[in-house]
Structure formats: C-alpha cells, structure tokens
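1. prediction below, plus the sequence it came from.
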Amino acid sequence: MARHIGIVACSAEGAALCYRTICTEAPERMGEHTHPEITMHTFPLAEYMRHIRPGHWAEVGEMILRSAQKLAGCGAELLVCPDNTIHQAYELIKDRLPMPWVHIAEAVRDEAWRHGYSHLGLLGTKYIMTGPVYAGVLEGAGVRCTAPAGKDQEEINRIIFAELVNGIFTEGTRLFFNEVIGRLKAQGCDAVVLGCTEIPLIVDQDDCPLPALDSTRLLARAAISRALA
C-alpha cells in the first residue's frame, strides 16, 4: 500500500502542477489509473504573503504546521510542499511536523547528483535567489549555486508575483527567462534550477539554453518514490 500524500499548498499554479504530476506519473509504477491517495490543503496566498514580505518566517512556519495538522487529520502519512519560498521556514518547524517531509531542494540536489552537475543557476523569488533554501542544501553537497544579477533578479521576482502565480504566461516572459538562463550559462553554470513552482510552466525545456531541473515535477516524483518505499 502506498502512503497517503499530504500536499501543503501555497500558490495555486505550482500546487496544481505537483498534484497533476503525481496523478499522471504514478500509474507507470503502480498500474493503470492508480496513484497514492492525496489530500491538499492551502491557505490563501495573501495570508502567506502578509508574513513573507516583512520576513516573519516563524509565522510562515506556523501556517505550514497548521496545514500539516489538517492533512494529518485527513490521514496523510507523508508531506510535500510545492512552494520553494515557504521552505525557508522549514528549519524552524521541522521537529514539530507530524509526519515525514519531502524537501524540494533535496529532490533537486539528488537529480543534480544523478546527472553530475556541479554549478547550478538558480531562478526563483527574491527569497529563493538570495536566501538559504537552495544555497544550504546544494553547497553543503559540494554543488555551486549562482543566482542572476540585480536587474534580472528584480524582474524575475516581479514576473512571479505579477504574472505566474496568477496564471499569466506570455511569449515575452518565456524569451526573457531564456535570456537570463543564457547569461547564467556564460557564467559557467551547467544546469539551471527552476526554483519557483510556476517557472516550469513558462520555461520550455526543448529550447532552454541549459538543462533545467524542474523543482515541481522533481518533488512530485520524489513523493511518489517515498510513498511507495
């Protein structure tokens, strides 16, 4: 029996992609139309942003815990969070979580190891590009991590919150991401982390200048493996 997966959701587009990926890829391992039982809970994104903007990560952690407890009450046995940014609160609450947690950056790190990548570009919100979520996990494993420079970083953050989380995906934005990834390649990066759960919905891996590590789908696949372990 596969373990019941609880999804601690934050923004709708990324959470939906994670959910769909589990449901569509699990049948290859479990049989036709079969996937682990899944329950999702999410507070409004606005409630998270009220604490994220001023950097009140302890309050973000308390929201994660409340989601986790609701999921535990529904019978979930394994937690995933398809939101990179709120992982910044994970270290503050990890010892209080009611069940095992699949960490999104660790899923990306494991994929980087499998392919032998040693220098990753990092795209995400400003909290991810300047924060500890990926830097700690990747650099602790001997993998270098480089974020875009100032103006690129500001524009990526604006796009995420003004466009991507609202389901707005334009050709101009896709081309902008490719330009930024091209600049990361010129700095020596051998792959790029799509470290916002919505970015995989705009970056086309077929014409991306670097191999892309899709944090959302990698988390979903790691959840399937842990649920079946």
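-> Looks like it came in fine.

2. quick one: the helices in this structure?
-> Remark: helices assigned in the chain by DSSP state H are 12-25, 27-30, 45-52, 57-73, 90-93, 104-115, 126-130, 132-139, 150-162, 171-186, 215-228.

3. could you export these as JSON lines, including distance to residue 199 and mean neighbour count?
-> No exception for glycine: its C-beta is placed from N, CA and C like everyone else's. Shown next, in JSON lines, are the helices of the chain (distance: least, C-beta to C-beta, whole Å; neighbours: other C-beta atoms under 10 Å):
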{"stretch": "helix 12-25", "distance to residue 199": "9", "mean neighbour count": "19"}
{"stretch": "helix 27-30", "distance to residue 199": "25", "mean neighbour count": "13"}
{"stretch": "helix 45-52", "distance to residue 199": "16", "mean neighbour count": "16"}
{"stretch": "helix 57-73", "distance to residue 199": "20", "mean neighbour count": "18"}
{"stretch": "helix 90-93", "distance to residue 199": "20", "mean neighbour count": "16"}
{"stretch": "helix 104-115", "distance to residue 199": "12", "mean neighbour count": "19"}
{"stretch": "helix 126-130", "distance to residue 199": "10", "mean neighbour count": "20"}
{"stretch": "helix 132-139", "distance to residue 199": "13", "mean neighbour count": "19"}
{"stretch": "helix 150-162", "distance to residue 199": "8", "mean neighbour count": "16"}
{"stretch": "helix 171-186", "distance to residue 199": "7", "mean neighbour count": "16"}
{"stretch": "helix 215-228", "distance to residue 199": "8", "mean neighbour count": "23"}
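
4. would you single out the least confident of those helices?
-> Mean pLDDT per stretch puts helix 132-139 lowest among the helices of the chain, at a mean of 90.

5. so what touches it?
-> For helix 132-139, the surrounding residues in contact (C-beta atoms under 8 Å, 6 or more residues apart in numbering) are 84-85, 87-88, 90, 103-106, 108-109, 112, 120, 122, 124, 127-128, 144-145, 193, 195.

6. if you set the cut-off to 7 Å instead, what comes out?
-> Contacts to helix 132-139, defined as C-beta atoms under 7 Å, 6 or more residues apart in numbering, come from residues 84, 87-88, 105-106, 109, 120, 122, 128, 145, 193, 195.

7. could you export those residues as a markdown table, including distance to residue 178?
-> Below are the contacts of helix 132-139 laid out as a markdown table (distance: C-beta to C-beta, whole Å):
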| residue | distance to residue 178 |
| --- | --- |
| 84 | 20 |
| 87 | 26 |
| 88 | 27 |
| 105 | 23 |
| 106 | 27 |
| 109 | 24 |
| 120 | 17 |
| 122 | 16 |
| 128 | 19 |
| 145 | 20 |
| 193 | 15 |
| 195 | 16 |
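
8. closest to residue 201 out of the helices of the chain?
-> The minimum distance between residue 201 and those falls on helix 12-25, with 6.2 Å, by C-beta to C-beta.

9. roughly how far is the closest one from the heart of the chain?
-> 11 Å (C-alpha atoms, centre = their mean, to the nearest Å).

10. with stretch 153-170 instead?
-> Chain-centre distance of stretch 153-170: 15 Å, with C-alpha atoms, centre = their mean.

11. now the residue nearest to residue 4 when sequence neighbours are not counted: how far from residue 18?
-> With sequence-adjacent residues excluded and distances taken as C-beta to C-beta, 6 or more residues apart in numbering, residue 4 is closest to residue 37, at 4.3 Å. From residue 37 over to residue 18 the distance is 15 Å, taken as C-beta to C-beta, to the nearest Å.

12. cool, residue 117 as well?
-> Using C-beta to C-beta, residue 117 is found at 22 Å from residue 18.
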